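S.K.: need a structure here:
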Amino acid sequence: MPREESWNSLRRSEASGDNPEDGFSDASMNDESDHGSERSTTESPTFPTVSDVHRALHPLQATADRVGKQVEEFAENLDRLSSRNRRKHAKDCGDVLPLVDAYKKIARDTVRRLQSMHAPERQQQLSKKTKRRLRNSSAKSTPGSTPARDGKDHGMTTSVEDLKRWELEEQTWDLVGLMLQVAYPTRAMKQTNLGGESRLVRPSKDTVVHRYSSEKDIWNMFLASDDQAWERHTVVEWLKKCADNSGQDIDLVVKELELGADRGSGLWAHSWLYSKEAIKFQKRLRSWPQALEPDDPGLSTSLMNSEKTKSLITQLDPDAITRQDRSLEQQDFYFERATWLACWEMLRRGKDWNYVRDWCHERGEGWRATAMRGDPRNSRFPTSSPASWQSRALWRKACALTAKDGSIDEYENGVYGIVSGYLPSVLKVSRSWDDYLFAHYNSYLLHSFDRYLKSSFPDRVPATLNDKHGAFNFSVFGGQRTQSGNQIVERMKHLETTREEAREPLKMLQGSLIANSFDDFVFKHGVRLTQVANAEGRSKILEPFGNDQILEGSVTSPINMADHDILRLLTHIIFVFQDVGFQFGEGERRSAMESIIIAYVDYLSKAGKQQLLPLYASRLSYRKSIACLGRQLPAIQDRRERQTMISLMKQNGIDVPGVLGMQLQLIITDTPLVQSKWPALRILEQMSKNASSVRPIQTGFIGDEITDDQEDLIHGFEWYMLLESHWQQTMAVGVLIYKHLLRSNGLAAARRLSQAVPFSTISLGKTNDILGKPVDISKSQDSSDDEGDPVTTSQNTRSRPTRSPQRPGSPSAKLVHGDRELMLSQASTFRDFENLFAALDAMEEWKNLADEAAKYIEQRQDIRIWKELFQKAYKQVETTIEPLLHGWLRDPNNDVDEDDFRQIRVACLPEVLLAYNTVLNFSSHYLSRDLLLKSMDLAALVASEDSGLAECFMAAERMPELVDSFALLSKTIIRADDRGAKGGKSKKRRHGETLDLWTVRAPSD
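M.R.: Predicted coordinates for the structure are as follows:
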């Protein structure tokens, strides 16, 4: 139920997202000129919509809108139909076929929608292809598949190329299902698929063959007993189906041929019309009662074609052309060629006997149907025919002989070649990748059947066929060797007529499925995809392979991260094969396979389909899954979307803390540090060594420049606010980020982090799961702690209890107190870093107000407002500096931390304390001269043995600078006392301190 609700929620969000695309919109294809008359000359200004903003945020949103429905349908079917099959590894395709059928249905529905928009243009292309066949059948034809996209975003528009590509995808899903049935057969398979189409079911071995059995029964027994024959039969039937679905309609082909043969509709049945008229004219001229003969007097010069170049036949029987060695009128020759082309198309498309017979009889060409009767797969051939099935075997051989010796047209040879399995004649008229593959598999299949007849039923084979010295003793392969499926597919990549088409992604994919080399295809294209992604610099998405020569000598199709449709198709086919138990290998082979999935996940993220990411990432190995999602999480910044993402990751069994940690690790890895040491803070302005005044604080010393990677780090840490519990891990990750930012001089980003995710917010968000209620544990339980002087208040360093294993939520106040203290201990380092940047931020704000003092004085403005703001700024500095003076970063967890903390204290504390001394000096002029006493307290604190501050100054070699600073402050105290002596005694502080000690008065006479 939760999965159903999540998909329903996704559909509602898509519907409310101002998405105009429902599948493919007809309106998107209309030219602007169609509506030009309806538009006024001056159009009103347009304002960006929600979808416009959404597309600006997601650079591939236009592409996502174009195929958004298909993308989500694929994901939904994957989630619903594949989850129960995952890792089942059963050698049975029964569980995955519904998923394949669902994907095929998506492709088929898309084809139908595109056909409604582009059918006329598509038919025009197919018509040109047919005419080109007739004009020059030996010429190279245009490949039948779509070239790969150029990678650019084509937005909402579609074209006939999209229609052709989706037709290929539908064919590919059909092939996937068929090849799975061959490799992983199941007995419990339904006879029809989700679309209501009949499945190709292998005959049962239980069929009994006897002396009266038809050739069709023997054919079924042949397929049931020979695995290779069944595989070839499956491929041949698929190729026939593809030709029938994607080719021009036969009736339209005939219509085109009628126009080319100079005869209108209805005159097709008149056969050789123009040659017949010429023969009749000669017979009327001679008053000849009987048939004309070639040797009749004067006939050789009078019965000529219209161009007067060749002698015409004298009789109209089908053998007249070859028997008399004469020609036809040009129109009739075109008619003959066109008729055999139509017959070729019918056989190539797998039309049954009734269709072929009716088509031929309608045109008065019944003899042609009889000539095509030798195919053992045709169950509709009349069993009551006096021609036995034995004569059909003999007839196939006779057809092969006819195709071998040649006839008047190569398409006639091609027809006889299909019927008999004679390979060379079919290859000669093959114009595409599909035709070439069909020629080989059909020939091998029929040849295997004839060998099966001879070996299993020798008494039923005509004796003529066993004569080794007869006319029928020749190979139907024309001297070629039998090739495996892989050899045929590889050879087509180098043939002139098929090279271009054979190297296109979808054809290479189909070839790998047929050749049973899908794993090799995935490996090579996964490597190629990775190489292209890393060609212009190291990719953040796909890790490069160590061996650059891994594909040397291999032929692959051009594939890159922008080939979204190919990536989607490959990804889902990979999942289908995984569900059926197919092994893609380990090491580099698995990495290449997962690169394809990761590239598709990256596309989904850029297209704004973040809710789909966990589903696909869950199919990766553990390391790849968390790294894949870790790369994509920074793009999600809305809190509700983050909550949804965490819920989906949990639902798909993904390690959420691992993903969040990997996200930050990858960002940090992408921004390597340029220095090995911790850089010292630079708060004070640079002055000459002989300067006689305290060094002022730089204006804007933190800055405001934050890089994209630093922004991603901040957003990455915000994810931990949504992670239940994981207190210690959250604190550790926060420390890691602070250290990285500090070491890379990212003070502005560190300040942003301390403000965006303060400790108090983290505590309130996580303590409810641990302590039973939300509470800010940085505050005392009774909220009775006094706020006093940052130097003199509590000279004690913060006590940190010994760490002990964390206990679950406790029933008593004692246990709650223990958990609270443990949490404070685990958060101590995080709070130390947060306190540092809070103090730096307070100093920068104080400096900004201090710079305005001169302006107020010069302009003689009311300084009371400024002084009130200035006092608040000083108080903020005083409050935030206090944690840095007592035990800051003095509680390491290990030796590495101890060394880091020592270096950080040396890099930060001297500059911070000198800056604080400057704050005290300047503030005393405008607030109270008593502030100068705090400088003396600070000197005493530095000198204290247990403060560890003096060691920091010594290590930084800045002790002389500190001494000079205190000396300058002492002079300021004396001058301040001289000015204040006239005003009476100084106010005493809490412990009795007063500036009166520095008052020196001469005794009065």
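S.K.: what's around the nearest residue to D217 once chain neighbours are set aside, how many residues?
M.R.: Spatial nearest neighbour of D217, chain neighbours left out: V209 (5.6 Å); criterion: Cβ to Cβ, 6 or more residues apart in numbering. Where you see a C-beta, it was placed from the backbone N, CA and C, and this is true even at glycine. Residues contacting V209 under the criterion other Cβ atoms under 10 Å number 14.
S.K.: And S198, by the same measure?
M.R.: Close neighbours of S198, defined as other Cβ under 10 Å, add up to 8.
S.K.: What does it show for phi and psi?
M.R.: Backbone geometry at S198, expressed as degrees, to the nearest 10, gives phi -70, psi 140.
S.K.: roughly how far apart are it and S448?
M.R.: 25 Å (Cβ to Cβ, to the nearest Å).
S.K.: Averaging pLDDT per element, find the lowest-scoring helix or strand in this structure.
M.R.: Of all helical and strand segments in the chain, the minimum by mean pLDDT, DSSP states H and E falls on helix 50-57, at a mean of 46.
S.K.: Report the rounded mean pLDDT for the strand or helix carrying R623.
M.R.: Per DSSP states H and E, R623 falls inside helix 622-632. Mean per-residue pLDDT for helix 622-632: 95.
S.K.: residues in contact with that helix?
M.R.: Contact partners of helix 622-632, identified using Cβ atoms under 8 Å, 6 or more residues apart in numbering, comprise 540-541, 591, 594, 597-598, 601-602, 605, 610, 613-614, 617-620, 649, 654-655, 658-666.
S.K.: go with 6 Å
M.R.: The contact list for helix 622-632 (Cβ atoms under 6 Å, 6 or more residues apart in numbering) reads 594, 598, 601, 605, 613, 617, 654-655, 658-659, 662-663, 666.
S.K.: quick one, what contacts D819?
M.R.: D819 is in contact with L771, counting by Cβ under 6 Å, 6+ apart.
S.K.: Now do the buried residues in the host helix or strand of it.
M.R.: In the assignment (DSSP H and E), D819 maps to helix 813-826. The neighbour-count check on helix 813-826 (16 or more other Cβ atoms under 10 Å) flags 816, 818-820, 822-826 as buried.
S.K.: what is the orientation angle of the helix or strand just after it with helix 813-826?
M.R.: Sequence order places helix 828-850 as the next helix or strand after helix 813-826, per DSSP H and E. Inter-element angle recorded for helix 828-850 and helix 813-826: 60 degrees (by axes from the mean of the first three to the mean of the last three Cα atoms, to 10 degrees).
S.K.: Please list the residues outside helix 828-850 that contact it.
M.R.: By Cβ under 6 Å, 6+ apart, helix 828-850 touches 697, 699, 702, 731, 734-735, 738, 750-751, 754, 759, 800, 869-870, 873, 876-877, 880-881, 883-884, 888-889, 891, 915, 922.
S.K.: Same check on stretch 238-257?
M.R.: 126-127, 130, 167, 171, 175, 178, 338, 348-350, 434, 438.
S.K.: which of these has the weakest pLDDT?
M.R.: Lowest pLDDT among these: T130, with 67.
S.K.: Can you tell me the centre-most residue of this structure?
M.R.: Y600 (0.9 Å; Cα atoms, centre = their mean).
S.K.: what's the neighbour count on the spatially closest residue to T498 that is not a sequence neighbour?
M.R.: Nearest residue to T498 in three dimensions, chain neighbours excluded: M492, at 4.3 Å (Cβ to Cβ, 6+ apart). If you count neighbours by other Cβ under 10 Å, M492 ends up with 22.
S.K.: How much space separates M492 from A515?
M.R.: 11 Å.
S.K.: same deal with Q124?
M.R.: Going from Q124 to A515 by Cβ to Cβ gives 34 Å.
S.K.: How about E898?
M.R.: Using Cβ to Cβ, E898 is found at 62 Å from A515.
S.K.: okay, those two: which has more neighbours?
M.R.: Taking other Cβ under 10 Å, E898 and A515 do not tie; A515 has more neighbours (17 against 14).
S.K.: isn't the more buried one right up against G485?
M.R.: Yes: contact criterion Cβ atoms under 6 Å: A515 and G485 qualify, at 4.1 Å.
S.K.: can you give me the strands in the stretch 551-700 of the chain?
M.R.: With DSSP state E, counting those that start in this stretch, there are no strands along the stretch 551-700 of the chain.
S.K.: pLDDT weak spots in it?
M.R.: Along the stretch 551-700 of the chain, the model assigns pLDDT under 70 to residues 674, 688-693.
S.K.: Repeat that for the stretch 401-550 of the chain.
M.R.: 465-471.
S.K.: coming back round to it: and the helix holding R623, which residues are buried?
M.R.: Buried, per 16+ other Cβ under 10 Å, within helix 622-632: 624-632.
S.K.: now those in JSON lines, with distance to E329?
M.R.: Shown next, in JSON lines, are the buried residues of helix 622-632 (distance: Cβ to Cβ, whole Å):
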{"residue": "K624", "distance to E329": "70"}
{"residue": "S625", "distance to E329": "72"}
{"residue": "I626", "distance to E329": "76"}
{"residue": "A627", "distance to E329": "73"}
{"residue": "C628", "distance to E329": "69"}
{"residue": "L629", "distance to E329": "73"}
{"residue": "G630", "distance to E329": "75"}
{"residue": "R631", "distance to E329": "71"}
{"residue": "Q632", "distance to E329": "70"}
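S.K.: What residues does A749 make contact with?
M.R.: Applying Cβ under 6 Å, 6+ apart, we find A749 in contact with 706, 710, 741.
S.K.: Among the residues you listed, name the ones in helices.
M.R.: Those of those mapping onto helices are 710, 741, per DSSP state H.
S.K.: Of the contacts of A749, which is the nearest to F577?
M.R.: Closest to F577 out of the contacts of A749 is Q710 (41.9 Å), distances taken as Cβ to Cβ.
S.K.: That closest one and P672: what is the separation?
M.R.: Separation of Q710 from P672 (Cβ to Cβ): 14 Å.
S.K.: Who has more neighbours out of those two?
M.R.: More neighbours surround Q710 than the other of Q710 and P672, with 22 against 7 (other Cβ under 10 Å).
S.K.: Enumerate every residue touching that one.
M.R.: Counting by Cβ under 6 Å, 6+ apart, Q710 makes contact with 746, 749.
S.K.: one more time with 8 Å, if that's ok
M.R.: If a contact means Cβ under 8 Å, 6+ apart, then Q710 has 671, 741, 746, 749 as its contacts.
S.K.: before we move on, what about D92?
M.R.: 184-186, 580.
S.K.: mind running it again at 6 Å?
M.R.: Contact analysis of D92 by Cβ under 6 Å, 6+ apart lists 184, 186.
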